[in-house]
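Novice: Below: sequence and its predicted model.
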Amino acid sequence: MPRSFVLPDLGEGLTEAEIVKVLVHEGDLVREDAPLLEVETDKATVEIPSPMGGRVAKIHVHVGQTVQVGQVLVSFGDGAAAPDAPTAPLADRLPAPGEGPVPAAPSTRRLARELGVDLRTVHGSGPGGRVTDEDVRAATSAPAAVQPAERAPSPVGRPLVRVGVEPPPLPTFEQWGPIERRPLSHLRRTIAERMTLAATLIPHVTHFDRADITDLDGLIRRNLEAGRARGVTLTLTSFILKATAQALGEHPHFNASLDPAAGELIVKRYVHLGVAVASERGLIVPVIRDVDTKPLLEVQRELGALAARVREGKATLDDLRGGTFTITNIGALGGTGAIPIINYPEVAILGVARGREEPVVRDGAIVPRLLLPLSLTFDHRVADGADGARFASAIVRRLEHPDELLLGF
Amino acid sequence: MVMGDLVREVDVAVIGGGPGGYSAAFRCAELGLETIVVDAGRRLGGACLFEGCIPSKALLHVAAVLSEVERAKEFGVDFGAPRVALEPLRTWKSERVVGKLARGLASVARGKSVEVVGGRAVFEDSRSLRVEGDEPQKIRFRHAVVATGSAPSPLPGLEQPSGRVMDSTAALEIPDIPARLLVIGGGYIGLELGQVYAALGSEVTMVEMLDGLLPGADRDLVQPLARRCERMFKAIRLSTRVSGLRDTGSAIEAHLGDDGAATFDRVLVAVGRRPQSGGLGLEATRARLGDRGFVEVDERGRTADPHIWAVGDVTGEPMLAHRAMRQGKVAAEAMAGRPAAFDNVAVPAVVFTDPEVAWCGLTEHGAAAAGRAVKIARFQWAASGRAATLGRSDGLTKLVVDPETGRVLGVGLVGPGAGELIAEGALAVETAMLAEDLALTIHAHPTLSETLMEAAETLLR
């Protein structure tokens, strides 16, 4: 039986990639894990290793082609198959006379090819069982609904109602003055689609807080040299990562994904934190794994190495996927705060603005303190305002009391 | 490499300038691919324009005019006996018809910056070919499209003994109007050219190996054509083989079946066409040939070699220009990375005889052979007002319909204008229309197109 290898989920909400290099030929015998293709996503250029050993029967993609997650890249024949099994003649692949072709207009069949839908799997709602454009489009959104159905039915939950909004047509802007139409870049389009998905799907709610990091700042400054002697540069970010990881341990439903089709919350028993990094290639979110169990110095060291890989464009696919919660520093260019959009399918994101010295009343006196504005944006389907406030407080408490943070309290 | 050799680097090299080749080349150019066509005659149009569809239809138009003039006597108009002057006829066909269209294609190619190079292309490997002949050069390509078409098959077992034995290409030149013409082959080519020569004044004898004319078409569609041919031709010999052709110097002697020798002034061999897939150096690539020498391709037109594509007659039956054109566009779009596929359900077949025969999709005998249950709706043109005004009530319109859904699976037509009428049938089959859709669509009255509506209505009662 020929086996197909599809473009795997690339993480980070990436849905497509461009083929940069094809490293094998049809007929090649490849080992498991041997590099098959090199693809470029918005975030990185990565080699895709072969998931299996065997003979490459067919390469379905070519250099320069943009492929979708789930699209077949390479078919493997049987190990014993001839190096280049002949393409079956057209007539052999035509449907058997009894069944006939799927009834659909040529334009609908083209649409199905463009969307990667196998017409034979689509139920035709038109007259005489004719497959319509709408049937094909419905089939593309089916995986979200259909795949869970293929799993064992959930003993706990049942599907939530899906919602979707069709944008209304735009007015004719030319009636008010000259316009120019510019195509969206690949990156812009990807971000637009991901943000629309998250913003449309998730009811966002944001909780604001401020952490007094005067003591933490002092601790970092006192230990900068000692850290350098150990090869790391201490930064506030690693402390925020640790504080968040510990707070997630107390509030695990923020370390989760919602499965609306099953009606379940998927709580992750690992804490992999994404850190949004602005790079020349665009917004990239590398992931540091198991932040909750790693010592702070180790987190700091990984953060430094990861940031360097991202800047050099050498981040691997594994660097970019598997995150459970995202932290974004939105204060680098000024401002007093912002509300980021949740990194789907996570359920919350922590926005960190720029820390400023501000006058604070303490014990009846005004004293200068270093305050760090935070915004916690979360999925209101998963948590309520009080939960958010408590979770934010759990982060703030650790940032204000670095001793507790370091002791893991 | 010898001095003076030129190496061209292009995105797409198309071999053969026929309908498949130029359609692929034009579409490639539209999609931004630098494209070059290598054609033996350094021209676009191929067999279709220069030795097939177009010149034969020009001559069939002449035959139709001659038939109409004859028929006009029925309603009291007599033009007298027609005189045919061959030289002006040949000039009209070659210059005003073929030449005009060829110049048009050349102009389209210039407009799309598609260069046409003269010579024979031979693959050196999967990425390069050399051009032999007038403009020798080497071309490196990202993709190559084999669109070398087909050529008339010779009569098996009989070498062509003399200039009196013509293939369809030679017959279209009308070297003369032979008094006695033997046509070997009762397929569409033999029928079309047989009728041309009969209208011009030849006494035509047609020989077909099988037991009916136009194998592949439903018998009820062939019958009106067969009756017409029986009147136009001197004789039609079915289930008959030709054994032995001998040039006596002044004529050709032929043995038809078990009969003794019969004498003819010319012989037209029209026993089919074969793919021109040899001598291309395809062995140097990973493309493969299948049965009968056809290049094997997938639904996009790609061969087993990822850089080599093929379209048109060289890829198999049906060997029709319009199939090749669609294949060419599909291959071009696939090369440009678009998700195209040749998934067409209906490839209309048209025989441009008098009367015309046309069909598309599932035929009645095809359904029977496959054991598929179908409903048949027939409408005889004897009940058509338009057919009556044309004095042609011998036509038939037929729908092959899925009995459960009422979907139109196939359409067959015989009668004048069937070749144009089949377009509605192809649309219905390709878009999976129901017979009801045809019945409920207003068709202009009085036209022959009403017969499609009328046939569909018989299913609704």
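Specialist: Nice, thanks for sending it over. Numbering: from 1, shown residues only, chains lettered A, B, ... in the order given.

Novice: Count the neighbours of the closest residue to chain A within the stretch 201-350 of chain B for me.
Specialist: Residue nearest to chain A within the stretch 201-350 of chain B (C-beta to the nearest C-beta): residue B:339, separated by 4.0 Å. (Each C-beta comes from the backbone N, C-alpha and C, glycine too.) Residues near residue B:339, counting by other C-beta atoms under 10 Å in any protein chain shown, number 15.

Novice: before we move on, what about residue A:251?
Specialist: Neighbours of residue A:251 (other C-beta under 10 Å): 19.

Novice: out of everything not next to it in sequence, what's closest to it?
Specialist: Nearest residue to residue A:251, sequence neighbours excluded (C-beta to C-beta, 6 or more residues apart in numbering or on different chains): residue A:391, at 4.3 Å.

Novice: ok, now which ones touch the residue nearest the centre of chain B?
Specialist: The centre of chain B sits closest to residue B:320, judged by C-alpha atoms, centre = their mean, with a distance of 4.5 Å. Residues counted as contacts of residue B:320 (C-beta atoms under 8 Å, 6 or more residues apart in numbering or on different chains) are B:347, B:349.

Novice: Output the contacting helices and strands for the lengthiest strand in chain A.
Specialist: Looking across chain A with DSSP state E, the single longest strand is strand A:365-379. Judged by 3 or more C-beta pairs under 8 Å, 6 or more residues apart in numbering or on different chains; DSSP states H and E, strand A:365-379 is in contact with strand A:204-212, helix A:214-229, strand A:348-352, strand A:356-362, helix A:385-400.

Novice: In a helix, residue B:386, correct?
Specialist: Yes - Residue B:386 forms part of a helix when assessed by DSSP: H, G, I helix; E, B strand; the rest coil.

Novice: three-state assignment of the closest residue to it other than its chain neighbours?
Specialist: Using C-beta to C-beta, 6+ apart and skipping residues adjacent in sequence, the residue nearest residue B:386 is residue B:446, 4.2 Å away. At residue B:446 the chain is in coil, as set by three-state DSSP.

Novice: what about residue B:446, how many residues close to it?
Specialist: 14.

Novice: now it: how far from residue B:418?
Specialist: 17 Å (C-beta to C-beta, to the nearest Å).

Novice: Now tabulate the helices and strands packed on strand A:365-379 in JSON lines and tack on distance to residue A:117, mean pLDDT and mean neighbour count.
Specialist: As requested, those are exported to JSON lines (distance: least, C-beta to C-beta, whole Å; pLDDT from 0 to 100; neighbours: other C-beta atoms under 10 Å in any protein chain shown):
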{"stretch": "strand A:204-212", "distance to residue A:117": "32", "mean pLDDT": "95", "mean neighbour count": "18"}
{"stretch": "helix A:214-229", "distance to residue A:117": "54", "mean pLDDT": "93", "mean neighbour count": "14"}
{"stretch": "strand A:348-352", "distance to residue A:117": "33", "mean pLDDT": "96", "mean neighbour count": "26"}
{"stretch": "strand A:356-362", "distance to residue A:117": "53", "mean pLDDT": "92", "mean neighbour count": "12"}
{"stretch": "helix A:385-400", "distance to residue A:117": "40", "mean pLDDT": "95", "mean neighbour count": "19"}
